[in-house]
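Asks: coords please:
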Amino acid sequence: MTDARDTPADLWKATLLADTATVGEAIRNLEDSQQQIVLVLATDGSLAGTITDGDIRRGLLRGFDLSSSIGGLIHRNPLVVPPDLDLEFAIRIMQANDIRQIPVVNDQRMVVGLHTMKMKHAPALKPNVMVIMAGGQGKRLRPYTENCPKPMLLVAGKPMLEHIIERAISENFRRFIISTHYLGHMIEEYFGDGSRFDVDICYLREEAPLGTAGALGLMDPRPELPILVTNGDVLCDISYGDLLDFHNRHKAMATMAVRIHEWQHPFGVVNIDGVDIVGFEEKPISRSHINAGVYVLMPEALDEMVAGDYCDMPTLFALLQDKGARTIAYPMHEPWLDVGRADDLVHARANLEAAKSQ
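Replies: Numbering: from 1, shown residues only. Model prediction:
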């Protein structure tokens, strides 16, 4: 997993990708460049089109997989600017068209640069509250959690909870609420009021386990802006800011980050109609979207909750759907790990230690 950070001015070169590439290669390109756009080149080296982070996510929802060709995702006629156009004018074009990147091409349509909204100025602080659910007992992680709350288990020398907070800080979130229950005093003693991290941290103390959403019913006063929520045992490279923007653009009541999970059947499958065999599938692969444990909720979503009552996040989404509220999925392709079992913890430690050594 990677750290969120500003990228050098010439890193646009890492966005270049041949039009014969696969979706998996496009995702790796996005992760390496951190520019949220792929500049797709034709065989003669000219710009064939672009693929944005959003195009990838929509493609995943439409059934594309990692081995699919990127051909069906390419935006063939993107806005471009010439090399002699100054940055401020390019930024105005991006603002007018509600885009975040614009390729710079010469008369032969060869890419010579990339303007992004990141070049305008340092991003403003995010006023939204981030709630981190950290009250679980971590029973599946025993004996590691016998004397330590699960979010405080060390990964690459830091508690998982600290990795989550640091990633949010890198995107200019500064207001945090941590829900606690099991060994919650250890979390409060470590993070305090957040001053040593230059952020504000306060706590929702669960007298009994309230599930993955129940602690939200304890919020008083209720935030006025959309609430970012994450489980305290999820390590991922998601952009919390992009998730929040996605939620706002779609005017949703609740947004759930989801990932594609693939499972290969260990046996050959026989398809039958009555007693007649109608086909065979040799160890077919099943694909489904799974809950990634990161969400955005409008403050009004909390109307469905009763303070002190147990509630899981899928239950809250179902209650909102029953009332006709819009609930949407944000498809993730970034590295992600739910540290729920001992082998997940070993995997997380190995991954982050490897990333530190690079």
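
Asks: how close does the residue of the chain positioned farthest from its centre get to His265?
Replies: Distance from the centre of the chain peaks at Val275, with 46.0 Å (C-alpha atoms, centre = their mean). Between Val275 and His265 the computed distance is 22 Å (C-beta to C-beta, to the nearest Å). C-beta: built from backbone N, CA, C; applies to glycine.

Asks: so who does Tyr240 touch?
Replies: Tyr240 is in contact with Met130, Arg167, Ala168, Glu171, Phe173, Leu228, Thr230, Val294, counting by C-beta atoms under 8 Å, 6 or more residues apart in numbering.

Asks: distance check, it against Lys158.
Replies: 18 Å.

Asks: next: Ala257.
Replies: Taking C-beta to C-beta, one finds Ala257 at 23 Å from Lys158.

Asks: can you point out the buried residues in stretch 215-226?
Replies: Ala215, Leu216, Gly217, Leu218, Met219, Pro223, Pro226 (16 or more other C-beta atoms under 10 Å).

Asks: which single one of these is nearest to Ala96?
Replies: Pro226 (25.4 Å; C-beta to C-beta).

Asks: pLDDT and secondary structure added to the contacts of Tyr240, as JSON lines?
Replies: Shown next, in JSON lines, are those (pLDDT from 0 to 100; DSSP: H, G, I helix; E, B strand; the rest coil):
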{"residue": "Met130", "pLDDT": "96", "secondary structure": "strand"}
{"residue": "Arg167", "pLDDT": "89", "secondary structure": "helix"}
{"residue": "Ala168", "pLDDT": "92", "secondary structure": "helix"}
{"residue": "Glu171", "pLDDT": "88", "secondary structure": "coil"}
{"residue": "Phe173", "pLDDT": "94", "secondary structure": "strand"}
{"residue": "Leu228", "pLDDT": "96", "secondary structure": "strand"}
{"residue": "Thr230", "pLDDT": "94", "secondary structure": "strand"}
{"residue": "Val294", "pLDDT": "94", "secondary structure": "strand"}
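
Asks: what about those residues, which one has the most neighbours?
Replies: Leu228 (27 neighbours; other C-beta atoms under 10 Å).

Asks: what's across from the closest residue to that one other than its chain neighbours in the sheet?
Replies: Closest residue to Leu228 apart from its sequence neighbours, by C-beta to C-beta, 6 or more residues apart in numbering: Met130 at 4.4 Å. For Met130, the beta-bridge partners under DSSP bridges are Phe176, Leu228.

Asks: any weak-confidence spans in this structure?
Replies: 1-10, 119-123, 141, 336, 338-358 (pLDDT under 70).

Asks: was I right to think Ile178 contacts Val129?
Replies: No. Contact criterion C-beta atoms under 8 Å: Ile178 and Val129 do not qualify, at 11.1 Å.

Asks: more crowded one of the two?
Replies: For Ile178 versus Val129, neighbours defined as other C-beta under 10 Å are more numerous around Ile178 (26 against 22).

Asks: and that one, that's in a helix?
Replies: No. Going by DSSP: H, G, I helix; E, B strand; the rest coil, the assignment for Ile178 is strand, not a helix.

Asks: quick one on the thing from earlier: which one's more surrounded, Ala257 and Lys158?
Replies: Ala257 (24 against 13).

Asks: sec struct for that one, please.
Replies: Strictly by three-state DSSP, Ala257 counts as strand.

Asks: quick one: contacts for it?
Replies: Ile238, Leu243, Asn291, Ala292, Gly293, Val294, Tyr295, Ala329, Tyr330, Met332.

Asks: is it bridged to anything, and to what?
Replies: Tyr330.

Asks: and the one 5 residues further on, by the same measure?
Replies: Using DSSP bridges, the beta-bridge partners of Glu262 come out as Arg287.

Asks: how far away is it from Ile201?
Replies: 37 Å.

Asks: checking the most centrally placed residue in the chain next. Helix, strand or coil?
Replies: For the chain, the residue nearest the mean C-alpha position is Ile238 (2.8 Å; C-alpha atoms, centre = their mean). Using three-state DSSP, the structure places Ile238 in coil.

Asks: for it, which non-adjacent residue is spatially closest?
Replies: Glu334 (5.2 Å).

Asks: how many other residues sit next to that neighbour?
Replies: By other C-beta under 10 Å, neighbour count at Glu334 equals 18.

Asks: could we number from 23 for the rest of this?
Replies: With 23 as the first residue, the last one maps to Glu356.
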